[in-house]
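> predicted model and sequence below, questions to follow.
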Amino acid sequence: MRVWSRFLCASLAGGLLLASITEAERLPIKMFTTADGLARDHVNDIFCDSKGYVWLCTTEGLSRYDGYGFRNYGIADGLPHPLVTDMVEAGEGRYSVATAGGLCMFDATRGGKFTVCGPTSEAAGGRFVGAITPNRSGWLWCATGAGLLRMRLERNKPRFEKVDFGMAWPTKEGPRVLDVVEDRLGRLWIAAEGELYSYDTNARAGTRVPGFGSPSNGVGVLLADRDGSTWVGTTNGVYKLAVDAAGEVAVEQSWGAATGLPVAHVGSLFQSSDGSVWVGTFGGLTSFRPNRDAGGFDLRSYTTANGLSDVGIGSITEDRDDNLWVGTEVGGVMKISQSGFMSYDGADGLGGIRIDAIFEDLQGELCAYTTLRDSINISRWMGNAFRVTRPNLPCGITYTGWGTHQLALQDHTGEWWIPTGQGLCRYPGSQPQRDRSRGARPQGGMNRAGHDRHC
């Protein structure tokens, strides 16, 4: 137990009162909307290229952010449709861009114009490309409104091939594919019509993964993480899958509204450089940070109470400075800085907003000394929020004093010393008491306490 166990014991004996922990710290967020030049506040996807530019796929075109402002691209620049859904880098200055009107190639080095590649299907939804994923062989997997395609450029001309991933469909157009990802072993994962399919690219054979596809558990987004696991975002939560040596797929872990997510409907998945998986829902943003000691993940959710501009999270990515970019349905895009300030107040469990001192106890725990309505509060940081300890002042002390900086002291034995406007209090154990043996005056005002190395 840490030194604060003394205070916890004291609370049981009536010496201290403990406040509850809440979590609502404000994130270091920079928001961008149409007022800042963004093409539209509904952001479908975000992509950061090798040059550091951040590209935002919106419902009204494509926006590029260079650190200073936005450059927007639309129908006048060659886009076949204003609804842009996805984007990947195809080479130096060249990009593949998915839209509701087809797949485009964009060459920023040659005037910044778009060239439509296809598909040329006349079927309903046949030209709608909702997601694209490159593979190691140079093909580009395309999730369309009428099936799964793969495309590659041959002599600078696009070649599309339809992929039969094992889903029976009554018409030749094919099912609506929402997302497609390729894991580190080359296995393809496909979200189609709410169901989940696994596709062996070598054998060119696909199988349906059972357990998904009901109206209450439809699959919408996918993530293949760097550890080899596949994450599945559904209308009923997020699932982490594992594949055994025989190729059998099993659910390793799952989370929903009752187990850590703000709401169950998942809209986006992303793994950041530190190994954390970020889950965007239609009720906020949740981080899954790996817990190497205990195993599993530590979950933390963020909503508008933490500064988010909108809780409908549709896209997440990371720039080369490890800042997180979060796209929303109606609130534009947010840049969550890795090096910015985070602010805390009473909503985070802090005992008061007047911070008189910040220090570490003997165990290295961060403590904040605050006063609120003539009560003394020592707020200890618990890793995600503050826990408040209120020393039980002896009868007769009603004035906490006016000093700043060093208003509480823990000596080398672990005892706490707190000066007040009416004397010095010592907390040697479970029961605090007024200390008159070291020269503290019963009615004397004190505003600073300290000790030397010989104490």
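Perfect, thanks for sending it. Numbers count the residues shown, from 1 in each chain.
> which residue ranges of the protein form helices?
In the chain, helices defined by DSSP state H lie at 5-12, listed in chain order.
> low pLDDT regions in the chain?
Low-confidence segments of the chain, defined by pLDDT under 70: 1-24, 339-342, 372-374, 384, 402-407, 429-455.
> switch to 50 and redo it
Residue ranges of the chain with pLDDT under 50: 1-22, 430-442.
> list the contacts for Gly93?
Neighbouring residues of Gly93 by Cβ atoms under 8 Å, 6 or more residues apart in numbering: Asp107, Ala108, Thr109. C-beta coordinates here come from the backbone N, C-alpha and C atoms, glycine included.
> gap between the nearest residue in space to the second one that is not next to it in sequence and Arg110?
By the measure of Cβ to Cβ, 6 or more residues apart in numbering, the closest residue to Ala108 outside its immediate chain neighbours is Gly93, 4.6 Å from it. Gly93 sits 8 Å away from Arg110 when distances are taken as Cβ to Cβ, to the nearest Å.
> what do you get for Phe47?
Distance, Phe47 to Arg110, by Cβ to Cβ: 20 Å.
> pick out whichever of these two has more residues nearby.
Comparing Phe47 with Arg110 by other Cβ atoms under 10 Å, the one with more neighbours is Phe47, at 20 against 10.
> ok, the more buried one touching Cys57?
Yes. Contact criterion Cβ atoms under 8 Å: Phe47 and Cys57 qualify, at 7.4 Å.
> name the residues contacting each of the two.
Asp86, Met87.
> of the contacts of Gly93, which is the nearest to Val326?
Ala108 (24.7 Å; Cβ to Cβ).
> and that closest one, what does it touch?
The contact partners of Ala108, by Cβ under 8 Å, 6+ apart, come to Gly93, Arg94, Tyr95.
> how close does the last one get to Ile316?
Pointing back at Tyr95 there. Look at Tyr95 and Ile316: by Cβ to Cβ, they are 19 Å apart.
> show me which of the two is the more surrounded one.
The neighbour comparison of Tyr95 against Ile316 (other Cβ under 10 Å) goes to Ile316, with 25 against 19.
> give me the beta-bridge partners of that one?
Applying DSSP bridges to Ile316 gives these bridge partners: Val326.
> next, the contact list for it, please.
Residues in contact with Ile316, defined by Cβ under 8 Å, 6+ apart, are Ile46, Ser268, Leu269, Phe270, Trp278, Gly280, Leu285, Leu324, Trp325, Val326, Gly327.
> let's see it at 10 Å
Going by Cβ atoms under 10 Å, 6 or more residues apart in numbering, Ile316 touches 45-46, 223, 267-272, 277-280, 285, 324-327, 334, 336.
> repeat for Met31
Leu38, Gly307, Leu308, Ser309, Asp310, Val326, Thr328, Gly331, Gly332, Val333, Met334, Lys335.
> now with 6 Å?
Listed by Cβ atoms under 6 Å, 6 or more residues apart in numbering, the contact set of Met31 reads Ser309, Met334.
> dig out what it forms beta bridges with.
Beta-bridge pairing of Met31 under DSSP bridges involves Met334.
> ok, now how distant is Thr99 from Val277?
Between Thr99 and Val277 the computed distance is 28 Å (Cβ to Cβ).
> oh, I was asking about Gly414
For Gly414, the distance to Val277 - Cβ to Cβ - is 40 Å.
> tally of neighbours for Gly296?
Count around Gly296 with other Cβ under 10 Å applied: 11.
> buried set for stretch 135-146?
Buried residues in stretch 135-146, counting neighbours by 16 or more other Cβ atoms under 10 Å, are found at Trp139, Leu140, Trp141, Cys142, Ala143, Thr144, Gly145, Ala146.
> do stretch 232-252 as well
Buried residues in stretch 232-252, defined by neighbour count with 16+ other Cβ under 10 Å: Val232, Gly233, Thr234, Thr235, Asn236, Gly237, Val238, Tyr239, Lys240, Leu241, Val243, Val249.
> ok, and the closest non-adjacent residue to the second one?
Leaving aside its sequence neighbours, Gly233 sits nearest to Val266 (Cβ to Cβ, 6+ apart; 3.2 Å).
> and that neighbour, what does it touch?
Contacts here follow Cβ under 6 Å, 6+ apart; on that basis Val266 touches Gly233, Val238, Val279, Thr281.
> out of those residues, which is nearest to Gly295?
Distance to Gly295, by Cβ to Cβ, is smallest for Val238 among those, at 17.8 Å.
> my read: the closest one touches Thr281, true?
No. Judged on Cβ atoms under 6 Å, Val238 makes no contact with Thr281 at a distance of 8.5 Å.
> in the sheet, who's paired with Leu149?
Applying DSSP bridges to Leu149 gives these bridge partners: Cys142, Lys162.
> Thr281: what's it in contact with?
Shown in contact with Thr281 (Cβ under 6 Å, 6+ apart): Leu261, Pro262, Val263, His265, Val266.
> kindly recompute the last result at 10 Å.
Contacts for Thr281 (Cβ under 10 Å, 6+ apart) come out as 233, 237-238, 257, 261-268, 301, 303, 311-313.
> let's see which of those residues end up in strands.
Gly233, Gly237, Val238, Val266, Gly267, Ser268, Ser301, Ile313 (DSSP state E).
> grab the nearest non-local neighbour of the last one.
It stands for Ile313. Gly280 (2.9 Å).
> now the one you found, which residues is it bridged with?
Assigned bridge partners for Gly280, using DSSP bridges, are Ser268, Leu285.
> repeat that for Tyr369.
Here Tyr369, judged by DSSP bridges, has bridge partners Ala357, Ile378.
> near it, how many other residues are there?
Using other Cβ under 10 Å, Tyr369 has 22 other residues around it.
> going forward, begin numbering at 43 instead of 1
Sure thing, new numbering starts at 43, so read that last one as Tyr411.
> my guess is it meets Ser417, correct?
No. The criterion here is Cβ atoms under 10 Å, and Tyr411 misses it with Ser417 at 11.8 Å.
> overlap of the contact sets of these two?
Any residue near both Tyr411 and Ser417 by Cβ under 10 Å, 6+ apart counts here, and that gives Gly393, Gly394.
> and the residue nearest to Ile355, how far is that from Gly298?
Remark: distance between Gly322 and Gly298 (Cβ to Cβ) = 15 Å.
> between these two, point out the one with more neighbours.
Gly322 (25 against 17).
> OK, contacts around the more buried one?
By Cβ under 10 Å, 6+ apart, the residues touching Gly322 are 263, 275, 304, 308-312, 328, 353-358, 368-370.
> now Ser318: closest residue in space that isn't a chain neighbour?
Per Cβ to Cβ, 6+ apart, closest to Ser318 is Arg331, 4.8 Å.
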